[in-house]
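Enquirer: what shape does this take:
(one chain, ligands or ions: 2)
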Amino acid sequence: MSDVPLAVPAQSLVAAVIPAAGRGVRLGPGAPKALRALNGTPMLIHAVRALAASRSVSLVVVVSPPDGAAEVKSLLDAYELPERTDFLVVPGGESRQESVRLGLDALPPDHGIVLVHDAARPLVPVDTVDAVIEAVRDGARAVVPALPLADTVKEVEPQPEAGPEPVVATPDRSRLRAVQTPQGFDRATLVHAHESVTQDVTDDASMVEQLGEPVVCVPGHEEAFKVTRPLDLVLAEAVLARRRLNDGF
Ligand SMILES: Nc1ccn([C@@H]2O[C@H](COP(=O)(O)OP(=O)(O)OP(=O)(O)O)[C@@H](O)[C@H]2O)c(=O)n1
Ligand SMILES: C[C@](O)(CO)[C@H](O)COP(=O)(O)O
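Expert: Ligands and ions are numbered 1, 2, ... in the order given. Coordinates of the predicted model:
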């Protein structure tokens with residue numbers, strides 16, 4: 001366990017860091033993934049609106065592609081966003097982990113709760129954002145939204161060449177969860193994790209786990225899926241179309 005004291009008063013301000021510096025290699029050729037359009041609006045703007053929809057989030061720090069800070073600032077100026085929320089843009093790094101750290105470095109001192117949310121999860125519902133914040137306010141150091149798995153999962157022995165991979169094990173699916181973002185943290189715990197863990201990780205909560213600190217899951221949401229491959233764009237636009245129908249415009 002770390003000796004970082006837990007100090008999240010009920011009225012702590014909440015900041016969201018949105019890593020958006022990835023190239024989107026798995027999506028195929030084109031602009032950096034966060035800047036590609038979903039129904040005519042950049043994915044990043046959908047993600048920023050999704051986080052700023054929470055009345056608890058007073059600051060959003062966007063971590064832009066390394067040479068894209070000016071373009072991202074122009075986008076934030078061009079699209080309608082809630083006036084109660086402040087926005088900052090900082091250039092990102094080579095890995096998601098580095099981009100998140102650069103976002104954390106830019107936070108002003110007065111925000112005690114930090115959410116980290118992938119720009120690539122543009123459709124997360126506000127109820128999921130609020131559930132994560134509430135769990136941190138209730139005393140958790142690290143909170144991840146998560147869903148049970150729909151598929152059986154096999155552990156395999158990866159092969160150097162393409163070809164059949166021997167199965168090593170079939171983990172008990174009932175104990176596995178697919179985790180999403182926003183992941184929510186007591187700020188001091190997350191900063192300490194980013195200062196201490198040097199190993200490559202794929203999410204922020206696993207850095208907190210490496211400190212020996214508890215991480216808890218709250219229910220995630222199907223619409224918080226990550227836009228990773230081309231088919232995910234089709235799904236995202238279908239979700240937006242369904243929302244427009246449900247909203248009656
Ligand atoms: N150097 C990086 C790499 C990723 N990300 C961000 O981390 C989130 C999750 O990453 P992922 O979905 O893997 O995005 P990409 O790295 O862009 O995708 P790919 O691996 O296909 O290139 C995305 O919002 C992405 O912009 C980032 O800020 N900085
Ligand atoms: C952080 C994350 O979205 C949680 O599921 C995921 O680990 C990011 O992985 P990626 O391969 O960098 O997209």
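
Enquirer: closest residue of this structure to ligand 1?
Expert: Of all residues in the chain, G22 sits closest to ligand 1, at 2.1 Å by CB to the nearest ligand atom. In this view, the C-beta of every residue, glycine as well, is placed from N, C-alpha and C.

Enquirer: for that residue, grab phi and psi.
Expert: phi -70, psi 160 (degrees, to the nearest 10).

Enquirer: tally of neighbours for it?
Expert: 20 (other CB atoms under 10 Å).

Enquirer: for the nearest residue to it once chain neighbours are set aside, what are its contacts?
Expert: Closest residue to G22 apart from its sequence neighbours, by CB to CB, 6 or more residues apart in numbering: K33 at 5.6 Å. Contacts of K33 were listed using CB atoms under 8 Å, 6 or more residues apart in numbering, and they are 22-24, 27, 43, 119-120, 227.

Enquirer: same deal with A205?
Expert: Per CB under 8 Å, 6+ apart, neighbours of A205: 142, 144, 179, 183, 215.

Enquirer: got phi/psi on the first one?
Expert: In this entry, A142 is assigned phi and psi values of phi -150, psi 130 (degrees, to the nearest 10).

Enquirer: same deal with the second one?
Expert: Listed backbone geometry of V144 is phi -130, psi 140, with angles given as degrees, to the nearest 10.

Enquirer: most neighbours among the contacts of K33, which one?
Expert: Result: A119 is most packed of the contacts of K33 (other CB under 10 Å), 30 neighbours.

Enquirer: could you tell me which residues of this protein lie near ligand 2?
Expert: Listed as neighbours of ligand 2 in the chain under the rule CB under 6 Å from any ligand atom: 96, 118, 179-181, 202-203, 226.

Enquirer: from ligand 2, how far off is the closest residue in space to G92 that isn't next to it in sequence?
Expert: Setting aside the residues directly before and after it, G92 is nearest to A21 in space (CB to CB, 6+ apart), at 2.5 Å. Distance of A21 to ligand 2, given as CB to the nearest ligand atom, to the nearest Å: 11 Å.

Enquirer: just the pLDDT for A21.
Expert: With respect to pLDDT, A21 has a value of 98.

Enquirer: quick one: it and R101 touch, right?
Expert: No - counting by CB atoms under 8 Å, A21 stays clear of R101, with 11.5 Å between them.

Enquirer: now the strands for the chain?
Expert: 13-19, 37-38, 41-42, 57-64, 86-91, 111-116, 142-148, 155-156, 167-169, 177-179, 183-186, 216-219 (DSSP state E).

Enquirer: Y79 is nearest to which of the ones you listed?
Expert: strand 41-42 (7.1 Å; CB to CB).

Enquirer: hmm, the closest one touching ligand 1?
Expert: No - judged by CB under 6 Å from any ligand atom, strand 41-42 makes no contact with ligand 1; its nearest approach is 12.0 Å.

Enquirer: what lines up beside that strand in the sheet?
Expert: strand 37-38 (antiparallel) (DSSP bridges).

Enquirer: what comes into contact with the strand it pairs with?
Expert: 43, 46, 122, 227, 233, 236-237, 240.

Enquirer: the longest helix along the chain - what's its average pLDDT?
Expert: When the chain is parsed with DSSP state H, its longest helix is helix 230-247. On average, the pLDDT along helix 230-247 is 96.

Enquirer: with stretch 74-82 instead?
Expert: pLDDT averaged over stretch 74-82 gives 98.

Enquirer: off-centre distance for the longest helix of the chain?
Expert: 19 Å (CA atoms, centre = their mean, to the nearest Å).

Enquirer: one more: stretch 187-202?
Expert: How far stretch 187-202 lies from its chain's middle: 15 Å, per CA atoms, centre = their mean.

Enquirer: quick check: buried residues in that stretch?
Expert: Within stretch 187-202, the residues that qualify as buried are 187-194, 197, 201, counting by 16 or more other CB atoms under 10 Å.
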